[in-house]
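[1] sequence first, then the predicted structure:
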Amino acid sequence: MGSAYRCRECGVDLNLNSGHAYPADFYFEAGNKGSVSFSAVDASKLKFEKEDVIRPFFETLNYWGIQRKRTKIKCSSCSRLLGHVYDDGPPLTNTPGQFHMGPSQVIPRAPRFRFKTKALTITSV
């Protein structure tokens, strides 16, 4: 049983595949509260806009900083902000990390497409 994801503003189908959705309890450094995350999306239905802001930010206790580089995800029809792309997905390499202490920020990670649930209309199909 899958779900259909639509832009809440204009109602366009975003063609997001439930098979690419991360489980709700999957751990991410930047958190997952109030959002649904995907490992892959259909780029034809979305616009991506780079964001580089120098301002303190605090996502979680362990995920904070001064400069935030991320990519905004917007609806291609109405340009409403739907979420952001984070680089805190699963590691792209199968190594135990430096000193065998697990993956770190220097190990490349898969992108995570994080959509705000308040920006989407989610229906079961």
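    That came through, no problem.
[2] right, and residue 7 touches residue 119 too?
    Yes: Residue 7 is within contact range of residue 119, at 7.2 Å (criterion: C-beta atoms under 8 Å). Where C-beta positions appear, they are placed from N, C-alpha and C, glycine not excepted.
[3] of these two, which one has the most company?
    residue 7 (23 against 18; other C-beta atoms under 10 Å).
[4] which residues does the more buried one bridge with?
    residue 120 (DSSP bridges).
[5] which residues does it contact?
    By C-beta atoms under 8 Å, 6 or more residues apart in numbering, the contact set of residue 7 is 14, 75, 77, 78, 80, 82, 119, 120, 121.
[6] of those, buried ones?
    Using 16 or more other C-beta atoms under 10 Å as the burial test, the contacts of residue 7 include 14, 75, 82, 119, 120 as buried.
[7] can you lay out those as CSV showing pLDDT and distance to residue 111?
    What follows is those, written out as CSV (pLDDT from 0 to 100; distance: C-beta to C-beta, whole Å):
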residue, pLDDT, distance to residue 111
14, 95, 17
75, 96, 19
82, 97, 15
119, 96, 18
120, 95, 19
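[8] CSV please, covering those residues and showing distance to residue 25.
    Output for those, formatted as CSV (distance: C-beta to C-beta, whole Å):
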residue, distance to residue 25
14, 23
75, 27
82, 22
119, 21
120, 19
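[9] show me the strands in the chain, by range?
    Using DSSP state E, the strands of the chain run over 3-7, 35-38, 46-60, 63-75, 81-86, 112-116, 120-124.
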